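Enquirer: next input, structure requested:
(one chain, ligands or ions: 1)
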Amino acid sequence: MQERTVIVGAGVAGINAATKLIDNNYQGKITIIDMGKDPYNRLPEEVMTGMLGAGGWSDGKLTYHTSIGGQLSKYCGEEKAMELFDQVITNFKRFHPNPSEVQCSDPQAEPDFIKPYFGLRLFPVWHVGTDYLHEIGKNWYDYLKSNGVEFIWETKIEDINFKENYVSWKKGLANVSQYYDKLIFGVGKSGIDFGKKLAEKYDLPTEPKSVQIGVRFEAPQHHFQKLIDVSYDFKLYQKFEDKGVSLRSFCTNNNAAYVAAEHTYGDVSYNGHAKKDEAYRNDMTNFGILMEIKGIDKPFDWSREAVKKLQINEKGTYFSPSKRIPSKTSEGDYVKCVVVDSMDLLYDAIGDHALHIENFIEDMKEVFPTLGNDWGIYMPEVKYLSPEPLVKYDDLSLTRFPNVYFVGDALSARGITVSGAQGTYVAESILKDGK
Ligand SMILES: Cc1cc2nc3c(=O)[nH]c(=O)nc-3n(C[C@H](O)[C@H](O)[C@H](O)COP(=O)(O)OP(=O)(O)OC[C@H]3O[C@@H](n4cnc5c(N)ncnc54)[C@H](O)[C@@H]3O)c2cc1C
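Expert: Have a look, this model is predicted:
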(Lines give C-alpha, C1' and ligand atoms only; values in the text may rest on other atoms or scores of the structure.)
Protein backbone atom coordinates (compact mmCIF):
# COMPACT_ATOMS: atom_id res chain seq x y z
CA MET A 1 0.00 0.00 0.00
CA GLN A 2 1.09 3.56 -0.65
CA GLU A 3 2.85 5.13 2.36
CA ARG A 4 1.05 8.16 3.79
CA THR A 5 2.98 11.07 5.22
CA VAL A 6 0.87 13.59 7.12
CA ILE A 7 2.35 17.01 7.84
CA VAL A 8 0.67 19.04 10.57
CA GLY A 9 1.45 22.69 9.86
CA ALA A 10 1.93 24.32 6.44
CA GLY A 11 4.65 26.55 7.90
CA VAL A 12 8.17 26.96 6.65
CA ALA A 13 9.25 23.58 8.06
CA GLY A 14 6.31 21.57 6.73
CA ILE A 15 6.37 23.16 3.28
CA ASN A 16 10.10 22.62 2.82
CA ALA A 17 9.70 19.00 3.90
CA ALA A 18 6.95 18.42 1.35
CA THR A 19 8.99 20.14 -1.37
CA LYS A 20 12.01 17.93 -0.76
CA LEU A 21 9.81 14.84 -0.97
CA ILE A 22 8.09 15.96 -4.17
CA ASP A 23 11.34 17.07 -5.81
CA ASN A 24 12.72 13.59 -5.21
CA ASN A 25 9.79 11.68 -6.60
CA TYR A 26 8.49 10.42 -3.25
CA GLN A 27 6.15 7.53 -3.96
CA GLY A 28 3.89 8.04 -0.93
CA LYS A 29 0.87 10.29 -0.45
CA ILE A 30 1.47 13.64 1.28
CA THR A 31 -1.31 15.37 3.21
CA ILE A 32 -0.71 18.77 4.81
CA ILE A 33 -3.19 19.96 7.42
CA ASP A 34 -3.19 23.54 8.69
CA MET A 35 -5.54 25.59 10.83
CA GLY A 36 -4.89 28.68 8.69
CA LYS A 37 -5.74 29.48 5.10
CA ASP A 38 -4.30 28.82 1.65
CA PRO A 39 -2.24 31.69 0.17
CA TYR A 40 -5.07 32.91 -2.04
CA ASN A 41 -7.41 33.41 0.90
CA ARG A 42 -4.97 34.19 3.70
CA LEU A 43 -5.16 37.85 4.74
CA PRO A 44 -1.95 39.85 5.29
CA GLU A 45 -2.87 40.42 8.93
CA GLU A 46 -3.19 36.67 9.58
CA VAL A 47 0.39 36.65 10.74
CA MET A 48 0.77 33.31 12.47
CA THR A 49 -1.30 30.75 10.61
CA GLY A 50 -1.64 29.50 7.04
CA MET A 51 0.54 28.75 4.01
CA LEU A 52 4.23 29.47 4.85
CA GLY A 53 3.41 29.92 8.53
CA ALA A 54 4.67 32.89 10.53
CA GLY A 55 7.77 34.67 9.18
CA GLY A 56 7.38 33.19 5.71
CA TRP A 57 4.27 35.32 5.22
CA SER A 58 5.18 38.60 6.85
CA ASP A 59 8.92 39.14 7.05
CA GLY A 60 11.32 36.95 5.12
CA LYS A 61 14.81 37.61 6.39
CA LEU A 62 16.67 34.35 5.97
CA THR A 63 19.57 34.22 8.41
CA TYR A 64 22.50 32.18 7.19
CA HIS A 65 24.54 31.09 10.17
CA THR A 66 24.25 28.10 12.47
CA SER A 67 24.53 30.16 15.65
CA ILE A 68 21.35 32.08 14.77
CA GLY A 69 17.76 30.94 14.58
CA GLY A 70 17.82 27.84 16.78
CA GLN A 71 19.35 24.40 16.65
CA LEU A 72 20.51 22.64 13.53
CA SER A 73 24.22 21.84 13.57
CA LYS A 74 23.84 20.00 16.87
CA TYR A 75 21.85 17.36 14.96
CA CYS A 76 23.64 17.15 11.65
CA GLY A 77 26.97 18.96 11.96
CA GLU A 78 28.06 22.30 10.59
CA GLU A 79 28.67 21.36 6.97
CA LYS A 80 25.37 19.55 6.49
CA ALA A 81 23.54 22.42 8.22
CA MET A 82 24.88 24.93 5.70
CA GLU A 83 23.92 22.65 2.83
CA LEU A 84 20.37 22.40 4.21
CA PHE A 85 20.23 26.21 4.56
CA ASP A 86 21.18 26.51 0.90
CA GLN A 87 18.28 24.28 -0.06
CA VAL A 88 15.81 26.49 1.83
CA ILE A 89 17.17 29.67 0.28
CA THR A 90 17.06 28.08 -3.17
CA ASN A 91 13.39 27.25 -2.61
CA PHE A 92 12.56 30.85 -1.70
CA LYS A 93 14.34 32.03 -4.85
CA ARG A 94 12.77 29.37 -7.01
CA PHE A 95 9.20 30.43 -6.20
CA HIS A 96 10.09 34.14 -6.15
CA PRO A 97 8.51 36.16 -8.98
CA ASN A 98 11.74 38.11 -9.30
CA PRO A 99 14.60 36.00 -7.89
CA SER A 100 17.34 38.48 -8.78
CA GLU A 101 15.93 40.74 -6.06
CA VAL A 102 16.85 38.26 -3.34
CA GLN A 103 19.97 39.86 -1.91
CA CYS A 104 22.43 38.77 0.70
CA SER A 105 23.62 41.47 3.11
CA ASP A 106 27.40 41.32 3.59
CA PRO A 107 28.83 40.49 6.96
CA GLN A 108 31.45 42.98 8.08
CA ALA A 109 34.51 42.62 10.23
CA GLU A 110 34.07 42.98 13.95
CA PRO A 111 34.98 46.59 14.76
CA ASP A 112 38.10 47.02 16.87
CA PHE A 113 36.55 49.45 19.34
CA ILE A 114 34.34 46.79 20.96
CA LYS A 115 37.31 44.50 21.62
CA PRO A 116 38.38 43.18 24.09
CA TYR A 117 35.15 43.67 26.03
CA PHE A 118 32.66 42.08 23.64
CA GLY A 119 32.28 39.82 20.68
CA LEU A 120 29.92 41.00 17.97
CA ARG A 121 27.94 38.35 16.19
CA LEU A 122 27.85 39.11 12.48
CA PHE A 123 26.12 36.82 10.05
CA PRO A 124 24.81 36.93 6.48
CA VAL A 125 21.11 37.47 5.90
CA TRP A 126 19.23 36.80 2.68
CA HIS A 127 16.49 39.38 2.17
CA VAL A 128 13.62 37.84 0.24
CA GLY A 129 11.63 41.09 0.24
CA THR A 130 8.47 41.29 2.33
CA ASP A 131 6.46 42.50 -0.65
CA TYR A 132 7.06 39.25 -2.52
CA LEU A 133 6.20 36.75 0.18
CA HIS A 134 2.55 36.35 -0.75
CA GLU A 135 3.40 35.70 -4.40
CA ILE A 136 6.03 33.20 -3.31
CA GLY A 137 3.41 31.47 -1.16
CA LYS A 138 1.04 31.17 -4.11
CA ASN A 139 3.68 29.87 -6.54
CA TRP A 140 4.95 27.38 -4.00
CA TYR A 141 1.43 26.18 -3.17
CA ASP A 142 0.57 25.72 -6.84
CA TYR A 143 3.72 23.66 -7.36
CA LEU A 144 2.96 21.30 -4.49
CA LYS A 145 -0.72 20.95 -5.38
CA SER A 146 0.02 20.27 -9.01
CA ASN A 147 2.37 17.51 -7.88
CA GLY A 148 -0.32 15.72 -5.92
CA VAL A 149 0.09 17.12 -2.39
CA GLU A 150 -3.25 17.19 -0.61
CA PHE A 151 -3.91 20.29 1.52
CA ILE A 152 -6.58 20.48 4.22
CA TRP A 153 -7.00 24.12 5.35
CA GLU A 154 -8.75 25.79 8.27
CA THR A 155 -8.52 22.56 10.19
CA LYS A 156 -7.06 22.51 13.67
CA ILE A 157 -5.67 19.17 14.73
CA GLU A 158 -6.96 18.58 18.25
CA ASP A 159 -5.25 15.33 19.10
CA ILE A 160 -2.68 12.87 17.82
CA ASN A 161 -2.55 9.23 18.72
CA PHE A 162 1.14 8.37 18.46
CA LYS A 163 0.45 4.73 19.37
CA GLU A 164 -2.17 4.05 16.72
CA ASN A 165 -0.88 6.55 14.17
CA TYR A 166 -3.71 8.96 13.52
CA VAL A 167 -4.41 12.67 13.85
CA SER A 168 -7.91 13.89 14.65
CA TRP A 169 -9.98 17.04 14.44
CA LYS A 170 -13.54 18.23 14.72
CA LYS A 171 -15.73 18.96 11.73
CA GLY A 172 -19.02 20.36 12.98
CA LEU A 173 -20.08 17.87 15.60
CA ALA A 174 -18.21 14.98 14.01
CA ASN A 175 -14.76 13.74 14.97
CA VAL A 176 -12.60 13.15 11.91
CA SER A 177 -9.32 11.30 11.86
CA GLN A 178 -6.56 10.62 9.39
CA TYR A 179 -4.19 7.65 9.56
CA TYR A 180 -0.48 8.19 8.92
CA ASP A 181 2.56 6.03 8.38
CA LYS A 182 4.87 9.00 8.96
CA LEU A 183 3.97 12.20 10.76
CA ILE A 184 5.83 15.50 10.50
CA PHE A 185 4.84 17.77 13.37
CA GLY A 186 5.56 21.41 12.46
CA VAL A 187 3.02 23.53 14.30
CA GLY A 188 5.32 26.50 15.05
CA LYS A 189 4.73 29.03 17.81
CA SER A 190 0.98 29.05 17.26
CA GLY A 191 0.92 25.36 18.18
CA ILE A 192 3.17 25.60 21.20
CA ASP A 193 0.44 24.66 23.69
CA PHE A 194 -0.61 21.74 21.54
CA GLY A 195 2.98 20.47 21.45
CA LYS A 196 3.21 20.78 25.24
CA LYS A 197 -0.06 18.92 25.68
CA LEU A 198 1.21 16.02 23.58
CA ALA A 199 4.55 16.00 25.37
CA GLU A 200 2.74 15.67 28.68
CA LYS A 201 0.24 13.11 27.43
CA TYR A 202 3.01 10.82 26.16
CA ASP A 203 5.49 11.80 28.80
CA LEU A 204 8.06 12.57 26.10
CA PRO A 205 11.64 12.87 27.33
CA THR A 206 13.07 16.35 26.80
CA GLU A 207 16.47 17.99 26.28
CA PRO A 208 17.90 19.80 29.30
CA LYS A 209 17.21 23.53 28.97
CA SER A 210 19.00 26.62 30.16
CA VAL A 211 17.61 29.67 31.94
CA GLN A 212 17.32 32.82 29.80
CA ILE A 213 16.85 35.88 31.94
CA GLY A 214 18.08 39.46 32.16
CA VAL A 215 16.92 43.03 31.79
CA ARG A 216 15.77 45.39 29.03
CA PHE A 217 18.38 48.10 28.71
CA GLU A 218 17.45 51.54 27.35
CA ALA A 219 19.48 54.65 26.52
CA PRO A 220 19.55 57.53 24.06
CA GLN A 221 20.56 56.22 20.68
CA HIS A 222 23.49 58.56 20.05
CA HIS A 223 25.62 56.66 22.58
CA PHE A 224 25.45 53.57 20.36
CA GLN A 225 25.44 55.20 16.93
CA LYS A 226 28.99 54.13 16.07
CA LEU A 227 27.99 50.48 16.45
CA ILE A 228 24.56 50.90 14.85
CA ASP A 229 26.34 52.21 11.76
CA VAL A 230 28.19 48.89 11.57
CA SER A 231 25.30 46.62 12.49
CA TYR A 232 21.76 47.91 12.92
CA ASP A 233 20.48 45.03 15.05
CA PHE A 234 23.82 44.51 16.78
CA LYS A 235 24.40 41.38 18.81
CA LEU A 236 27.09 41.89 21.45
CA TYR A 237 28.04 38.86 23.44
CA GLN A 238 30.20 37.70 26.31
CA LYS A 239 30.91 34.10 27.29
CA PHE A 240 32.05 32.65 30.61
CA GLU A 241 32.28 29.00 29.70
CA ASP A 242 33.75 27.88 33.03
CA LYS A 243 30.62 29.24 34.75
CA GLY A 244 28.14 27.95 32.15
CA VAL A 245 27.02 31.54 31.54
CA SER A 246 26.83 33.65 28.42
CA LEU A 247 25.29 37.07 27.83
CA ARG A 248 24.05 38.69 24.68
CA SER A 249 22.29 41.81 23.62
CA PHE A 250 18.97 40.68 22.23
CA CYS A 251 16.48 42.23 19.84
CA THR A 252 17.93 45.72 19.45
CA ASN A 253 15.56 48.54 18.54
CA ASN A 254 16.62 51.97 17.34
CA ASN A 255 15.21 55.26 16.03
CA ALA A 256 11.62 54.76 17.16
CA ALA A 257 12.35 52.27 19.91
CA TYR A 258 9.82 51.40 22.56
CA VAL A 259 9.85 49.20 25.62
CA ALA A 260 6.76 47.09 26.19
CA ALA A 261 5.52 45.31 29.30
CA GLU A 262 4.57 41.70 28.70
CA HIS A 263 2.26 39.71 30.93
CA THR A 264 3.19 36.08 31.29
CA TYR A 265 1.87 33.72 33.94
CA GLY A 266 0.45 36.71 35.83
CA ASP A 267 3.80 38.58 36.10
CA VAL A 268 5.23 41.52 34.21
CA SER A 269 8.43 41.31 32.21
CA TYR A 270 9.78 43.51 29.41
CA ASN A 271 10.53 43.41 25.74
CA GLY A 272 11.09 46.00 23.02
CA HIS A 273 9.92 46.85 19.55
CA ALA A 274 10.56 49.53 16.95
CA LYS A 275 8.09 51.53 14.90
CA LYS A 276 8.78 52.27 11.25
CA ASP A 277 6.73 55.44 11.01
CA GLU A 278 8.93 58.57 11.43
CA ALA A 279 6.16 60.11 13.52
CA TYR A 280 7.16 57.75 16.31
CA ARG A 281 10.86 58.63 16.27
CA ASN A 282 12.22 59.05 19.80
CA ASP A 283 15.94 58.50 19.10
CA MET A 284 16.21 55.82 21.72
CA THR A 285 17.87 52.43 21.66
CA ASN A 286 16.72 49.46 23.66
CA PHE A 287 17.80 45.83 23.79
CA GLY A 288 17.63 42.89 26.14
CA ILE A 289 20.75 41.95 28.07
CA LEU A 290 19.91 38.30 28.21
CA MET A 291 21.91 35.84 30.20
CA GLU A 292 21.87 32.15 29.42
CA ILE A 293 22.62 30.06 32.50
CA LYS A 294 23.22 26.36 32.04
CA GLY A 295 22.95 23.62 34.61
CA ILE A 296 20.06 24.97 36.71
CA ASP A 297 17.74 22.28 37.96
CA LYS A 298 14.13 22.95 36.91
CA PRO A 299 14.97 26.06 34.87
CA PHE A 300 11.33 26.96 34.29
CA ASP A 301 10.49 27.03 38.02
CA TRP A 302 13.73 28.88 38.77
CA SER A 303 12.90 31.57 36.19
CA ARG A 304 9.33 31.93 37.42
CA GLU A 305 10.57 32.43 40.98
CA ALA A 306 13.16 35.03 39.87
CA VAL A 307 10.56 36.94 37.85
CA LYS A 308 8.22 37.03 40.85
CA LYS A 309 10.95 38.54 43.03
CA LEU A 310 11.28 41.44 40.59
CA GLN A 311 7.62 42.42 40.87
CA ILE A 312 6.30 45.24 43.06
CA ASN A 313 2.57 45.95 43.21
CA GLU A 314 1.95 43.70 40.23
CA LYS A 315 4.46 45.60 38.09
CA GLY A 316 8.04 44.96 37.03
CA THR A 317 10.81 47.30 38.20
CA TYR A 318 13.03 50.00 36.71
CA PHE A 319 16.39 51.34 37.78
CA SER A 320 18.46 54.20 36.42
CA PRO A 321 21.64 55.42 38.16
CA SER A 322 21.13 58.92 36.75
CA LYS A 323 17.42 58.86 37.65
CA ARG A 324 16.22 58.85 34.07
CA ILE A 325 12.50 58.39 34.15
CA PRO A 326 10.94 55.39 32.45
CA SER A 327 9.96 55.97 28.83
CA LYS A 328 6.59 56.20 27.27
CA THR A 329 5.12 53.41 25.18
CA SER A 330 4.18 53.92 21.55
CA GLU A 331 0.63 54.52 22.81
CA GLY A 332 1.87 57.46 24.91
CA ASP A 333 1.53 55.95 28.41
CA TYR A 334 4.50 55.42 30.71
CA VAL A 335 5.87 51.90 30.60
CA LYS A 336 4.22 50.03 33.44
CA CYS A 337 6.89 49.64 36.16
CA VAL A 338 7.91 50.66 39.69
CA VAL A 339 11.09 52.75 39.98
CA VAL A 340 13.68 51.38 42.42
CA ASP A 341 16.90 53.03 43.51
CA SER A 342 19.39 50.21 43.05
CA MET A 343 19.99 46.85 41.40
CA ASP A 344 19.61 45.07 44.77
CA LEU A 345 16.35 43.46 43.76
CA LEU A 346 18.07 41.87 40.78
CA TYR A 347 20.63 40.33 43.13
CA ASP A 348 17.80 39.05 45.35
CA ALA A 349 16.15 37.50 42.31
CA ILE A 350 19.05 35.84 40.51
CA GLY A 351 21.85 35.92 43.07
CA ASP A 352 25.40 36.56 41.98
CA HIS A 353 24.44 36.09 38.35
CA ALA A 354 23.35 39.75 38.54
CA LEU A 355 27.02 40.68 38.67
CA HIS A 356 27.40 39.52 35.07
CA ILE A 357 24.71 41.96 34.00
CA GLU A 358 26.24 44.78 36.01
CA ASN A 359 29.64 44.03 34.46
CA PHE A 360 28.13 43.91 30.97
CA ILE A 361 26.84 47.44 31.52
CA GLU A 362 30.18 48.58 32.96
CA ASP A 363 31.93 47.19 29.87
CA MET A 364 29.50 49.04 27.61
CA LYS A 365 30.49 52.22 29.42
CA GLU A 366 34.08 51.54 28.37
CA VAL A 367 33.20 50.86 24.76
CA PHE A 368 30.67 53.67 24.37
CA PRO A 369 32.41 56.51 26.23
CA THR A 370 29.49 58.96 26.24
CA LEU A 371 27.13 56.44 27.87
CA GLY A 372 28.15 56.98 31.50
CA ASN A 373 25.08 56.62 33.68
CA ASP A 374 22.69 57.81 31.01
CA TRP A 375 20.65 54.61 30.92
CA GLY A 376 17.91 52.65 32.62
CA ILE A 377 16.98 49.00 32.95
CA TYR A 378 13.56 47.40 33.11
CA MET A 379 13.60 44.21 35.15
CA PRO A 380 13.17 41.42 34.21
CA GLU A 381 13.30 40.34 30.60
CA VAL A 382 12.78 36.60 30.41
CA LYS A 383 12.40 33.88 27.80
CA TYR A 384 10.60 30.83 29.04
CA LEU A 385 11.98 28.12 26.80
CA SER A 386 9.41 25.49 26.05
CA PRO A 387 10.54 21.94 26.63
CA GLU A 388 12.30 20.54 23.60
CA PRO A 389 11.34 16.94 22.94
CA LEU A 390 14.24 14.58 22.75
CA VAL A 391 14.71 13.42 19.16
CA LYS A 392 17.12 11.13 17.37
CA TYR A 393 19.70 13.47 15.93
CA ASP A 394 20.00 11.67 12.61
CA ASP A 395 16.36 12.14 11.59
CA LEU A 396 14.57 14.28 14.25
CA SER A 397 12.17 11.46 15.13
CA LEU A 398 10.91 11.13 18.68
CA THR A 399 13.02 8.68 20.63
CA ARG A 400 9.88 6.75 21.59
CA PHE A 401 7.91 7.09 18.34
CA PRO A 402 10.26 6.63 15.39
CA ASN A 403 7.65 7.53 12.74
CA VAL A 404 6.91 10.94 14.32
CA TYR A 405 9.26 13.79 13.42
CA PHE A 406 9.32 17.16 15.19
CA VAL A 407 10.49 20.15 13.14
CA GLY A 408 10.73 23.93 13.21
CA ASP A 409 9.74 26.07 16.17
CA ALA A 410 7.88 23.03 17.59
CA LEU A 411 11.30 21.46 18.08
CA SER A 412 14.17 23.87 18.59
CA ALA A 413 14.15 26.38 15.71
CA ARG A 414 13.56 30.09 16.10
CA GLY A 415 13.78 31.26 12.52
CA ILE A 416 12.80 30.60 8.95
CA THR A 417 16.02 29.10 7.60
CA VAL A 418 16.55 26.68 10.48
CA SER A 419 12.88 25.62 10.44
CA GLY A 420 12.94 24.99 6.69
CA ALA A 421 16.24 23.15 7.00
CA GLN A 422 14.90 20.87 9.72
CA GLY A 423 11.93 20.01 7.48
CA THR A 424 14.29 19.25 4.60
CA TYR A 425 16.49 17.10 6.85
CA VAL A 426 13.51 14.97 7.90
CA ALA A 427 12.34 14.61 4.30
CA GLU A 428 15.81 13.37 3.35
CA SER A 429 15.62 10.64 5.96
CA ILE A 430 12.11 9.62 4.83
CA LEU A 431 13.43 9.39 1.27
CA LYS A 432 16.34 7.23 2.46
CA ASP A 433 13.91 4.93 4.30
CA GLY A 434 11.94 4.43 1.10
CA LYS A 435 14.97 3.12 -0.77
C1 LIG B 1 5.72 38.39 12.56
C2 LIG B 1 6.87 37.43 12.50
C3 LIG B 1 7.97 37.75 11.75
C4 LIG B 1 9.06 36.88 11.68
N5 LIG B 1 10.12 37.20 10.91
C6 LIG B 1 11.14 36.35 10.77
C7 LIG B 1 12.21 36.64 9.89
O8 LIG B 1 12.24 37.63 9.20
N9 LIG B 1 13.24 35.75 9.83
C10 LIG B 1 13.25 34.60 10.54
O11 LIG B 1 14.19 33.82 10.40
N12 LIG B 1 12.25 34.28 11.38
C13 LIG B 1 11.18 35.12 11.52
N14 LIG B 1 10.15 34.79 12.34
C15 LIG B 1 10.17 33.47 13.03
C16 LIG B 1 9.78 32.40 11.97
O17 LIG B 1 8.66 32.82 11.32
C18 LIG B 1 9.54 31.05 12.59
O19 LIG B 1 10.71 30.63 13.24
C20 LIG B 1 9.16 30.03 11.52
O21 LIG B 1 8.03 30.45 10.80
C22 LIG B 1 8.86 28.69 12.16
O23 LIG B 1 8.48 27.79 11.16
P24 LIG B 1 7.56 26.56 11.53
O25 LIG B 1 7.29 25.86 10.25
O26 LIG B 1 8.14 25.81 12.65
O27 LIG B 1 6.22 27.20 12.09
P28 LIG B 1 5.27 28.28 11.45
O29 LIG B 1 5.89 28.90 10.27
O30 LIG B 1 4.82 29.12 12.57
O31 LIG B 1 4.03 27.41 10.92
C32 LIG B 1 3.27 26.61 11.77
C33 LIG B 1 1.95 26.32 11.09
O34 LIG B 1 1.27 25.35 11.88
C35 LIG B 1 -0.10 25.63 11.89
N36 LIG B 1 -0.69 25.04 13.10
C37 LIG B 1 -0.37 25.30 14.39
N38 LIG B 1 -1.08 24.51 15.22
C39 LIG B 1 -1.87 23.74 14.43
C40 LIG B 1 -2.83 22.73 14.69
N41 LIG B 1 -3.12 22.32 15.94
N42 LIG B 1 -3.47 22.18 13.64
C43 LIG B 1 -3.20 22.56 12.38
N44 LIG B 1 -2.30 23.51 12.06
C45 LIG B 1 -1.62 24.08 13.08
C46 LIG B 1 -0.18 27.14 11.84
O47 LIG B 1 -1.40 27.53 11.26
C48 LIG B 1 1.03 27.52 10.99
O49 LIG B 1 0.68 27.76 9.65
C50 LIG B 1 9.04 35.66 12.43
C51 LIG B 1 7.93 35.33 13.20
C52 LIG B 1 6.84 36.20 13.24
C53 LIG B 1 5.65 35.84 14.06
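
Enquirer: which residues does Gly9 contact?
Expert: Listed by Cβ atoms under 8 Å, 6 or more residues apart in numbering, the contact set of Gly9 reads Ile32, Ile33, Asp34, Gly53, Ile184, Phe185, Gly186, Val187, Gly188, Gly191, Gly408, Ala410. (Each C-beta comes from the backbone N, C-alpha and C, glycine too.)

Enquirer: out of these, who has the most neighbours?
Expert: For the contacts of Gly9, neighbours were counted using other Cβ atoms under 10 Å, and Gly408 has the most, 35 neighbours in all.

Enquirer: need the contact list for it.
Expert: Contacts of Gly408 (Cβ under 8 Å, 6+ apart): 9, 11-14, 53, 186-188, 418-419, 422-423.

Enquirer: quick check: the closest residue to it other than its chain neighbours vs the ligand, distance?
Expert: Closest residue to Gly408 apart from its sequence neighbours, by Cβ to Cβ, 6 or more residues apart in numbering: Ala13 at 3.1 Å. Between Ala13 and the ligand the computed distance is 3 Å (Cβ to the nearest ligand atom, to the nearest Å).

Enquirer: report the distance from the host helix or strand of Ala13 to the chain centre.
Expert: Per DSSP states H and E, Ala13 falls inside helix 12-23. Chain-centre distance of helix 12-23: 20 Å, with Cα atoms, centre = their mean, to the nearest Å.

Enquirer: same thing with stretch 201-211?
Expert: 18 Å.

Enquirer: next: stretch 50-59.
Expert: That offset, for stretch 50-59, works out to 13 Å (Cα atoms, centre = their mean).

Enquirer: got the residues of the stretch 51-200 of the chain near the ligand?
Expert: Residues of the stretch 51-200 of the chain lying close to the ligand by Cβ under 6 Å from any ligand atom are 53-56, 58-61, 63, 69, 156-157, 186-191, 194.

Enquirer: just to revisit the earlier point, ok, the residue nearest to Gly408 touching Gly186?
Expert: Yes - the pair Ala13 and Gly186 passes the contact test of Cβ atoms under 8 Å, sitting 3.8 Å apart.

Enquirer: what sits in contact with each of these two?
Expert: Gly53, Val407, Gly408, Ala410, Ser419, Gly423.

Enquirer: quick one: these as JSON lines, columns for pLDDT and secondary structure too.
Expert: Output for these, formatted as JSON lines (pLDDT from 0 to 100; DSSP: H, G, I helix; E, B strand; the rest coil):
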{"residue": "Gly53", "pLDDT": "95", "secondary structure": "coil"}
{"residue": "Val407", "pLDDT": "98", "secondary structure": "coil"}
{"residue": "Gly408", "pLDDT": "96", "secondary structure": "helix"}
{"residue": "Ala410", "pLDDT": "93", "secondary structure": "helix"}
{"residue": "Ser419", "pLDDT": "97", "secondary structure": "helix"}
{"residue": "Gly423", "pLDDT": "98", "secondary structure": "helix"}
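
Enquirer: which residues of the stretch 301-435 of the chain lie near the ligand?
Expert: Gly408, Asp409, Ala410, Ala413, Arg414, Gly415, Ile416, Thr417, Ser419.

Enquirer: just read off the phi/psi values of the fifth one.
Expert: Summarising the backbone geometry of Arg414 under the convention degrees, to the nearest 10, its torsions are phi -140, psi 30.

Enquirer: quick check: closest non-adjacent residue to it.
Expert: Here the residue nearest Arg414, using Cβ to Cβ, 6+ apart, is Gly70, at 4.0 Å.

Enquirer: go on, the last one?
Expert: In space, not counting the residues next to it along the chain, Ser419 is nearest to Gly408; the distance is 3.7 Å by Cβ to Cβ, 6+ apart.

Enquirer: which elements pack onto the helix or strand hosting Ala261?
Expert: Element membership for Ala261, per DSSP H and E: strand 257-264. In terms of contacts (3 or more Cβ pairs under 8 Å, 6 or more residues apart in numbering; DSSP states H and E), strand 257-264 is packed against strand 211-220, strand 267-274, strand 284-293.

Enquirer: I'd like the distance from the shortest one to the chain centre, please.
Expert: In terms of Cα atoms, centre = their mean, the centre of strand 267-274 is set 16 Å apart from its chain centre.

Enquirer: which strands and helices sit next to it?
Expert: Helices and strands touching strand 267-274, by 3+ Cβ pairs under 8 Å, 6+ apart, are strand 211-220, strand 245-253, strand 257-264, strand 284-293, helix 299-309, strand 316-319, strand 376-383.
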